[in-house]
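Student: the sequence and its predicted three-dimensional model are supplied below.
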Amino acid sequence: MSLKFQSPTGMHDLFQEDWNYFDKVKKTCQNMADSYEFDRIETPILEDTAIFEKGTGLNTDIVEKEMYSLTSRGGDRLTLRPEGTPGIVRSYIQHGMQSLSKPVKLWYFGPFFRHERPQAGRFRQFYQFGFESLGVSDPIIDAEIIQIFYNILKDLGFKNLLVEINSIGDSQCRGYFRKSLMSYLRSRQSGLCSDCKRRIKKNPLRILDCKEEKCQRIKKGAPQIVDHLCKECHDHFKNLLEYLDEKGLPYSLNPYLVRGLDYYTKTVFEIYEDSEEGKQIGALAGGGRYDDLVRMLGGKPTPACGAASGVERVVNLLKARSKKAGLKAKERTSEVFLAQVGEIAKKKSLKLFEEFREAGIKVGEALHRDSLSAQLKAADKMDVKYVLILGQKEAIDDQIIIREMKSGNQYVTELSKAVQEIKKKIKK
RNA sequence: GUGGCUAUAGUGUAGCGGCUAACACUGCUCCCUGUGGAGGAGCCAACACGGGUUCGAAUCCCGUUAGCCACCCCA
């Protein structure tokens, strides 16, 4: 087999089996959106490249090397959205949502694109759902966002959820902290791994995440950002934690949690499944507060908070779990099957099929087959309860056979009464 | 972007230098132009691509591509 064409690297075809799960996830989101009064929004898949450069951040990996960007025929610089938040914010500004009553609560579900090297739970085209709440700085909002993602995952059947949370301060206190962290790291530069040496300048917060043992040791003595928060950020974080305690939502503080998008301020969080597969697949959801983003994209200064979750990651874990449980959902696709024998019957069955469809009854068929045994075989595979047999003789007499598959009992009735009869039987 | 592992019908596998490339499932046909689940008979369908080593390569080597995994980063 020499395949001439195949799907692009890291992009996959999604089949019925996948959509069974995707739809379930989406439905759970919709329920949660209804409960917390979030409105559905779907922004374009292509956006002006500049909103990611300004929003997500020029120095982030995403913008630096992972975007699918193009210049349109008209000369516009466009990018396949690598994440959802900047598009939502663009829409918020463009449609004057700042004049709506606050908070403005929006949720989305759709495909995103990043040119990364694919691996477990990481693709070049992937689906995310996200919830964004704009216009309110109160940490009660942060708590609600975390709660929503926790609830969705819980409703989907995840146990052992691990919520990690941290505060990275605002543009002010983070700057101070960054300086003191950098000077601490510089003083111990020789003890760091080669990767981290490079990171000192570019992204010192990341060193706190390094897995090298020698870096871990240095990290233990490093200044922690929670100790360097300004009063406002400190109070915000403290209040958030109190709200979470009040809700009874389990979380753990991770003073080393940082996120790779430039616009985050104050709260950041991630949710994992605490299991082997969960660790491998990475964060199921992640997000935080982004109080400067609306202003950075040209809107009025507007506090906001939101998060997103990777649908494939969630679905992969759901699939792995149902495999473990040995669940084989062999679904019955229809209750009735229509079989025919002979040219007259074949023609009459076309109309009959439509009558059933109009009556809201789904009827299986294999009209392309002529032998009755082959049709019954097909009916058996569909696991239907009843088969309607329209033979040559019946077709001429305007009659039809109704056969109950399980018992093998069958009887003849008027063709015109077929829909009614089946309707009665199915109701039972 | 860097590394490691892998690559045989639609799917899952066997083949370990000497085949007409095997098996299971699926699909299709027939046994059975008017009665299914079982059984039997048959059919369709594969060595990713390109080089090399060799009398001989699915098998060994190199390259390309793709997949998986790890790093990086992230959902």
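Tutor: Arrived safely. Residues are numbered from 1 along each chain as shown, chains lettered A, B, ... in the order given.

Student: phi, psi for the closest residue to RNA strand B within the stretch 151-300 of chain A please.
Tutor: Nearest residue of the stretch 151-300 of chain A to RNA strand B: A:Gly260, at 0.5 Å (Cβ to the nearest atom of the strand). All C-beta spots, glycine's among them, are computed from the backbone N, C-alpha and C. With angles defined as degrees, to the nearest 10, A:Gly260 sits at phi -90, psi 10.

Student: pretty sure it sits against A:Asp61.
Tutor: Yes - if you go by Cβ atoms under 8 Å, A:Gly260 and A:Asp61 touch, sitting 6.2 Å apart.

Student: what pLDDT does the model give the residue lying closest to the residue of the stretch 151-300 of chain A closest to RNA strand B once chain neighbours are set aside?
Tutor: Spatial nearest neighbour of A:Gly260, excluding adjacent residues (Cβ to Cβ, 6 or more residues apart in numbering): A:Thr60 at 5.5 Å. Per-residue pLDDT puts A:Thr60 at 87.

Student: what about A:Thr60, neighbour count?
Tutor: A:Thr60 is flanked by 21 other residues according to other Cβ atoms under 10 Å.

Student: residues contacting it?
Tutor: The contact partners of A:Thr60, taken as Cβ atoms under 8 Å, 6 or more residues apart in numbering, are A:260-262.

Student: which one in these is the model shakiest on?
Tutor: Minimum pLDDT across those falls on A:Gly260, with 79.

Student: A:Ser194 versus that one, what's the distance?
Tutor: Going from A:Gly260 to A:Ser194 by Cβ to Cβ, to the nearest Å gives 20 Å.

Student: who's more crowded, those two?
Tutor: The neighbour count for A:Gly260 versus A:Ser194, taken as other Cβ under 10 Å, is higher for A:Gly260 (15 against 8).

Student: residues contacting the more buried one?
Tutor: A:Gly260 touches A:60-62, counting by Cβ under 8 Å, 6+ apart.

Student: closest to RNA strand B out of those?
Tutor: Minimum distance to RNA strand B across those is 3.6 Å, recorded for A:Asp61 (Cβ to the nearest atom of the strand).

Student: burial of that closest one, as a residue count?
Tutor: The burial count for A:Asp61: 15, using other Cβ under 10 Å.

Student: now the one 5 residues further on
Tutor: The number of residues packed around A:Glu66, counting by other Cβ under 10 Å, is 16.

Student: A:Ser35 belongs to a helix?
Tutor: Yes - according to DSSP: H, G, I helix; E, B strand; the rest coil, A:Ser35 belongs to a helix.

Student: give me the pLDDT value at it.
Tutor: Looking at A:Ser35, the pLDDT reads 97.

Student: same thing with A:Arg321?
Tutor: pLDDT recorded at A:Arg321 is 81.

Student: for the one 4 residues further on, same thing?
Tutor: The per-residue pLDDT reported for A:Ala325 equals 67.

Student: interface residues of the stretch 1-150 of chain A facing RNA strand B?
Tutor: A:1-3, A:6-10, A:60-62, A:83, A:114, A:116-123, A:126, A:128 (Cβ under 7 Å from any atom of the strand).

Student: among those, which are in helices?
Tutor: Using DSSP state H, the members of those that fall in helices are A:61-62.

Student: show me which of the residues of the stretch 1-150 of chain A next to RNA strand B are buried.
Tutor: A:10, A:60, A:62, A:83, A:114, A:116, A:121-123, A:126, A:128 (16 or more other Cβ atoms under 10 Å).

Student: can you list contacts of the host helix or strand of A:Leu317?
Tutor: Per DSSP states H and E, A:Leu317 falls inside helix A:311-324. With contact meaning Cβ under 8 Å, 6+ apart, helix A:311-324 is reached by A:18, A:21-22, A:24-25, A:109, A:121, A:123, A:126-129, A:153, A:156-158, A:273, A:277-278, A:281-284.

Student: now a ChimeraX select for only the buried ones of the residues you listed.
Tutor: In ChimeraX syntax, the buried subset of the contacts of helix A:311-324 is picked out as below (16+ other Cβ under 10 Å):
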select /A:18,21,22,24,25,109,121,123,126,127,128,129,153,156,158,273,278,281,282,283,284
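
Student: burial count for A:Lys231?
Tutor: 8.

Student: now the strands for the stretch 251-400 of chain A?
Tutor: Applying DSSP state E, counting those that start in this stretch to the stretch 251-400 of chain A gives strands spanning A:252-253, A:265-273, A:285-289, A:304-310, A:336-340, A:363-365, A:386-390, A:399-404.

Student: ok, the longest one: who's next to it in the sheet?
Tutor: Taking DSSP bridges as the criterion, strand A:265-273 forms sheet pairs with strand A:161-167 (antiparallel), strand A:285-289 (antiparallel).

Student: in JSON lines: those strands, plus mean pLDDT.
Tutor: Listed next are the strands paired with strand A:265-273 as JSON lines, based on pLDDT from 0 to 100:
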{"stretch": "strand A:161-167", "mean pLDDT": "94"}
{"stretch": "strand A:285-289", "mean pLDDT": "96"}
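
Student: do I have it right that A:Val102 meets A:Gly135?
Tutor: Careful, residue A:102 is Lys and not Val. Yes - A:Lys102 lies in contact with A:Gly135 (Cβ under 8 Å); the separation is 3.4 Å.

Student: pick out whichever of these two has more residues nearby.
Tutor: For A:Lys102 versus A:Gly135, neighbours defined as other Cβ under 10 Å are more numerous around A:Gly135 (20 against 16).

Student: report the separation between the more buried one and A:Cys29.
Tutor: Look at A:Gly135 and A:Cys29: by Cβ to Cβ, they are 21 Å apart.

Student: one more: A:Val384?
Tutor: A:Val384 is 34 Å from A:Cys29, by Cβ to Cβ.

Student: who's more crowded, those two?
Tutor: Shown here are A:Val384 and A:Cys29; by other Cβ under 10 Å, A:Cys29 has more neighbours (25 against 21).
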